[in-house]
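[1] Pasting the sequence and the predicted model now:
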2 protein chains.
Amino acid sequence: MATIQDIADKLGISKGTVSKALNGASDISETLQKNVLETAVELGYTKLRRPGGQRKLCILIENMDYREAHQFGYEIILGFRQMAEPAGYTVEIVPVTEKLQKSASYDAFMLKNDYLGAFVLGFSLSDPWMRDFQTSHTPAVLYDNYIMANPHTGYVGVDNSEGMELAVEHLKRLGHRKIGYLSHALGSHIMQVRHKAFFYALRQNGLPADSSLAGSSYYTSQCMEKHLPRLLKEGVTGIICSHDLIASAALVQCQQMGLRIPADVSIIGFDDLPICAYTSPPLTTVRQERVQLGKSGYYALESLMNGVAIGTLLLHASLVVRQSTGTARKKTDPAE
Amino acid sequence: MATIQDIADKLGISKGTVSKALNGASDISETLQKNVLETAVELGYTKLRRPGGQRKLCILIENMDYREAHQFGYEIILGFRQMAEPAGYTVEIVPVTEKLQKSASYDAFMLKNDYLGAFVLGFSLSDPWMRDFQTSHTPAVLYDNYIMANPHTGYVGVDNSEGMELAVEHLKRLGHRKIGYLSHALGSHIMQVRHKAFFYALRQNGLPADSSLAGSSYYTSQCMEKHLPRLLKEGVTGIICSHDLIASAALVQCQQMGLRIPADVSIIGFDDLPICAYTSPPLTTVRQERVQLGKSGYYALESLMNGVAIGTLLLHASLVVRQSTGTARKKTDPAE
């Protein structure tokens, strides 16, 4: 393992300066500190932990609300802390920006801040650190993002294929034969996974799986104006959505078009946000157990820190059946 | 939660008899004991744990050798015990037969023997308990078998897709364009997964993915006599195998046919059994970290016992490059 001397030798500076830079002393320039950190990472240097010293983990978060109990990230963070804190870790929540990611590599950021591992929430495929994660050495568990073949990085999420299978099976059992899909833009790993899982589930159930049955847009309003009417025109009687918020918008939009839910159209969401019980009618949805996701995130991170290279950890999905799904409208019904 | 009284009421027998049956008293007939256990399971009865009493887990195993250090199951069991025993569990290894599985349901067997959870190794799709696992309530983690939508059952294994991707990428980088696949019969979950993953990896890498490029047989000898010559005739220059033992047989068979490994044909195995380092030439293979698989099995089982419904836990695969793979033979080479 590399020592402070190795870093000093490589950069041609004194051990004292390296040590100061690693500990963020104020009399070291930002450029020099960055240089020292990147060199330390490159050489595989790890700070020695003082006995009794703090053991810190961080939750890196963006694109996800988490401060209030009804928000998606709240329970994920809660579950993670419920496992990590009794095990003796301090957990710090770090909102992440693109600027922060560009200011240092992921490994250098972690080394500088004495974090032993990270639970990464809400990253999109275009985030700068997503590239770092392919070769980084500091354990990282990514919620809903998969990194191939890096033994220090794992993926935790709900089993989207199972979720889609449960949703499609449910609609099929209710007599639906033509099922559509509305989703956010396919710019994130998870949107791509759900999109693929939807079509896979259709084929598994022997239902038509034409690509015209799906529509995705960056904005929910676009989804409603452009894709929803198109799907209805194509004759779908059931619609599965990539998120509850799209589903609840579709619910309202259908009703404004004079359609009854579920008599004319059945709608299924994804996530089971607290709001689902209070839409009108209450929304059938695929549930992600968010506290369990947080706990699994900790399990996976602990494994990575112990050298067990967990790559993927998926929770069972479950379908919460409420009132937005019902028997399919018969083809012989007059158009209403 | 159901009580002993509930079981007694349901069967119209005394509490004392139920209690004796649950504890395996010798003066209770086998039929009556079976009836009591099945009723207890049906009603959701759980034995009360005495303070300080033993907490027992079991490893249910078949179709897998494990008694000696060079055998596949040895390190898996070691890893599991390395986690479970320090956590206070007694681990019992239970070789399983079809007869045992037919003698009681999985839940009844676990209840009768006071096992809190099971790590299940080597089961095939036709095993009677595989059906039980779809609805069972006693936590079970299955190595290399996936059960959908049962929150009490999880699947642990290596990421076969990643493994195949690494193997195919490696051969592609060495200039191979036509790659074949030899596997055991597709009667197990994992053989189906690897087969699918092989073709997926070919397509991902823009290589020909005709179904004639794969051959599978129940017996290795059949694979060698029937499929290997056919693949070579089709012009494959690289062969990936579903198991190291098939790969090492293919190595010998090719050499007996006068082909040089890797000058004429490259061969890749799967598992990284200890033997791989000692074949001639030593075998390039996809590694399953067996100690880590055992540890992950425990992680997943502990999670299930704590109500965290882990469905799938996949370890990162890695490719161990030895001497059985090399630059692809050029098309312009004269046939040798």
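    Sure thing, it's come through.
[2] Alpha carbons of stretch A:19-39, as PDB, please.
    Extracted in PDB, the C-alpha atoms of stretch A:19-39 (Å, rounded to 0.1, in the frame of the first residue of the first chain):
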ATOM      1  CA  SER A  19       0.200  15.500   5.000                       C
ATOM      2  CA  LYS A  20      -1.100  19.000   5.200                       C
ATOM      3  CA  ALA A  21      -2.800  18.700   1.800                       C
ATOM      4  CA  LEU A  22      -4.500  15.400   2.700                       C
ATOM      5  CA  ASN A  23      -5.900  17.000   5.900                       C
ATOM      6  CA  GLY A  24      -7.100  20.100   4.100                       C
ATOM      7  CA  ALA A  25      -4.800  22.600   5.800                       C
ATOM      8  CA  SER A  26      -5.700  26.200   4.800                       C
ATOM      9  CA  ASP A  27      -2.100  27.200   3.900                       C
ATOM     10  CA  ILE A  28      -2.000  24.700   1.000                       C
ATOM     11  CA  SER A  29      -3.300  26.000  -2.400                       C
ATOM     12  CA  GLU A  30      -6.400  24.400  -3.900                       C
ATOM     13  CA  THR A  31      -4.400  23.300  -7.000                       C
ATOM     14  CA  LEU A  32      -1.700  21.600  -4.900                       C
ATOM     15  CA  GLN A  33      -4.300  19.900  -2.700                       C
ATOM     16  CA  LYS A  34      -6.100  18.600  -5.800                       C
ATOM     17  CA  ASN A  35      -2.800  17.400  -7.200                       C
ATOM     18  CA  VAL A  36      -1.900  15.600  -3.900                       C
ATOM     19  CA  LEU A  37      -5.400  14.000  -3.700                       C
ATOM     20  CA  GLU A  38      -5.400  12.800  -7.300                       C
ATOM     21  CA  THR A  39      -1.900  11.400  -6.900                       C
END
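[3] can you give me the mean pLDDT across that stretch?
    Stretch A:19-39 carries an average pLDDT of 85.
[4] Quick one: the strands in the stretch 101-250 of chain A, in order.
    For the stretch 101-250 of chain A, the strands defined by DSSP state E, counting those that start in this stretch cover A:115-121, A:140-143, A:153-158, A:179-184, A:214-217, A:238-241.
[5] If we ignore the residues flanking it in sequence, what's nearest A:Glu68?
    A:Tyr74 (6.4 Å; CB to CB, 6 or more residues apart in numbering or on different chains). Bear in mind the C-beta positions are built from the backbone N, C-alpha and C, glycine included.
[6] Alpha carbons only: can I get the helix or strand where that neighbour lies in CSV?
    Here A:Tyr74 sits within helix A:72-84, counting by DSSP states H and E. Once non-C-alpha atoms are left out, helix A:72-84 reads as follows in CSV (Å, rounded to 0.1, in the frame of the first residue of the first chain):
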residue,chain,number,x,y,z
PHE,A,72,-39.4,9.6,-2.5
GLY,A,73,-35.9,9.8,-1.0
TYR,A,74,-37.0,10.2,2.6
GLU,A,75,-37.5,6.6,3.5
ILE,A,76,-34.6,5.4,1.5
ILE,A,77,-32.3,7.5,3.6
LEU,A,78,-34.1,6.5,6.7
GLY,A,79,-33.6,2.8,6.0
PHE,A,80,-29.9,3.3,5.2
ARG,A,81,-29.3,5.2,8.4
GLN,A,82,-31.3,2.6,10.4
MET,A,83,-28.7,0.0,9.5
ALA,A,84,-25.5,2.2,9.3
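[7] tell me which residues in it are buried?
    Across helix A:72-84, burial judged by 16 or more other CB atoms under 10 Å in any protein chain shown covers A:72-77, A:79-81, A:83-84.
[8] Dump those into JSON lines; add pLDDT as well.
    Shown next, in JSON lines, are those (pLDDT from 0 to 100):
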{"residue": "A:Phe72", "pLDDT": "88"}
{"residue": "A:Gly73", "pLDDT": "93"}
{"residue": "A:Tyr74", "pLDDT": "94"}
{"residue": "A:Glu75", "pLDDT": "93"}
{"residue": "A:Ile76", "pLDDT": "96"}
{"residue": "A:Ile77", "pLDDT": "96"}
{"residue": "A:Gly79", "pLDDT": "94"}
{"residue": "A:Phe80", "pLDDT": "96"}
{"residue": "A:Arg81", "pLDDT": "95"}
{"residue": "A:Met83", "pLDDT": "92"}
{"residue": "A:Ala84", "pLDDT": "93"}
